[in-house]
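*Asks:* Task: produce atomic coordinates for the following.
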Amino acid sequence: MSKKKLTSSPKNEQSNWFSQQNLDDWHTQIMAVKERFEKEYRGESFEFPSEVEAMPIFHDYASGNLTQKTVSPFWEIVKPKKNQKCLDIGCGASFLIYPWREWDAFFYGQEISTIARDNLNQRGALLNYKLFKGVELKPAHQLSYEADEFDLAIATGFSCYYPLDYWELVLQEVKRVLKSGRHFVFDVLNPEQPLAENWAILETYLGAEVFLEPLENWEKVIKARGGKIVKRQRGELFKMYKVQF
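*Replies:* Sure, this is the predicted structure:
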């Protein structure tokens, strides 16, 4: 998810996945992540203990410089092509930030934040109504699309908020909706990076638990779900994977 202040528009409808959350084992975790970002989108303040405020990473967060260290530019390892169908899972405010209109590809989004979904659906069509195909309100493990529908799937900025067994479900769904031989780009928090542990502490005070999972465990899960890692790209906090199914 990108960290950009958004304003919410009133919506009375309830998505099916919200009305059936008591049946979902991942309800608590999903709702915690949802609230963490919606609070930020509403521009509400967070409270931090003095020892956290004294950390260098907190100063990066307060100044806005931390955002640059958390962004994963997926187009550097898979650039969408003209007329391709692309799915951005956990898109947050991404359609207001990255240059999707330059690629002449069709973009669909899926998101758990009502605020993000509403704002993107209102503004995305104004940016390019032909290429922007709307954002659905559902979690990453419930993709409401047909099999073999997409040429590219993207999921950046949120894998660290869920354990590996949740991501086994996500990978299974991504594989289902992707055309054979096409790519999935996602990023994982790299615990080997110097900033990782302090960033995880900061995120805890922002309202969401972070899982510091070794990279080799991620790669085992990818391979177990039938994915082939064809490229890796390291960032200051996250490591991107280009996976082929």
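*Asks:* For the chain, which segments are assigned as helices?
*Replies:* Here the chain has its helices, by DSSP state H, at 16-19, 27-41, 50-53, 56-63, 66-70, 114-128, 164-177, 196-206, 215-224.
*Asks:* Select from the ones you listed the stretch with the lowest mean pLDDT.
*Replies:* For the helices of the chain, the stretch scoring lowest in mean pLDDT is helix 16-19; its value is a mean of 46.
*Asks:* Bridge partners for residue 240, pull those for me.
*Replies:* According to DSSP bridges, residue 187, residue 233 are recorded as the beta-bridge partners of residue 240.
*Asks:* Isn't it up against residue 185?
*Replies:* Yes - with contacts defined as CB atoms under 8 Å, residue 240 counts as touching residue 185 at a distance of 6.3 Å. Glycine gets a C-beta too; all of them are placed from N, C-alpha and C.
*Asks:* Mind listing the shared neighbours of those two?
*Replies:* With contacts defined as CB atoms under 8 Å, 6 or more residues apart in numbering, the residues shared by residue 240 and residue 185 are 74, 77, 156.
*Asks:* Take these and lay them out in TSV including neighbour count, pLDDT and distance to residue 66.
*Replies:* TSV is the format used below for the shared contacts of residue 240 and residue 185 (neighbours: other CB atoms under 10 Å; pLDDT from 0 to 100; distance: CB to CB, whole Å):
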residue	neighbour count	pLDDT	distance to residue 66
74	26	96	19
77	16	96	23
156	25	96	15
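*Asks:* Which ones among the residues you listed map onto strands?
*Replies:* Among those, no residue falls in strands (DSSP state E).
*Asks:* which one of the residues you listed sits closest to residue 169?
*Replies:* Sorting the shared contacts of residue 240 and residue 185 by distance to residue 169 puts residue 156 at the head of the list, at 17.9 Å, by CB to CB.
*Asks:* Can you verify my assumption that the closest one contacts residue 189?
*Replies:* No - with contact defined as CB under 8 Å, residue 156 does not count as touching residue 189 (11.3 Å).
*Asks:* Which residue is the nearest non-sequential neighbour of residue 46?
*Replies:* Using CB to CB, 6 or more residues apart in numbering and skipping the chain neighbours, the partner closest in space to residue 46 is residue 206 (5.6 Å).
*Asks:* got it, and residue 111?
*Replies:* The shortest distance from residue 111 to any residue other than its chain neighbours is 4.8 Å, reached at residue 117 (CB to CB, 6+ apart).
*Asks:* What of residue 175?
*Replies:* Computed as CB to CB, 6+ apart, the closest residue to residue 175 that is not its neighbour in sequence is residue 245, at 4.6 Å.
*Asks:* The one you found: neighbouring residues, count only.
*Replies:* Counted with other CB atoms under 10 Å, the neighbours of residue 245 add up to 20.
*Asks:* Could you check how far it is from residue 151?
*Replies:* 12 Å (CB to CB, to the nearest Å).
*Asks:* and of the helices of the chain, who's closest to residue 234?
*Replies:* For those, the distance to residue 234 is smallest for helix 215-224, at 10.0 Å, taking CB to CB.
*Asks:* packing partners for the closest one?
*Replies:* helix 164-177, strand 228-234, strand 238-244 (3 or more CB pairs under 8 Å, 6 or more residues apart in numbering; DSSP states H and E).
*Asks:* and among these, the most buried is which?
*Replies:* Of all the helices and strands packed on helix 215-224, strand 238-244 has the most neighbours on average by mean count of other CB atoms under 10 Å, namely a mean of 21.
*Asks:* tell me the angle that one makes with strand 228-234.
*Replies:* On the basis of axes from the mean of the first three to the mean of the last three CA atoms, to 10 degrees, strand 238-244 is oriented at 160 degrees to strand 228-234.
*Asks:* if I pick the residue in the chain sticking out farthest from the centre, what's in contact with it?
*Replies:* Within the chain, residue 50 marks the point farthest from the mean C-alpha position, 29.6 Å out by CA atoms, centre = their mean. Residues touching residue 50, when contacts are defined by CB under 8 Å, 6+ apart, are absent altogether.
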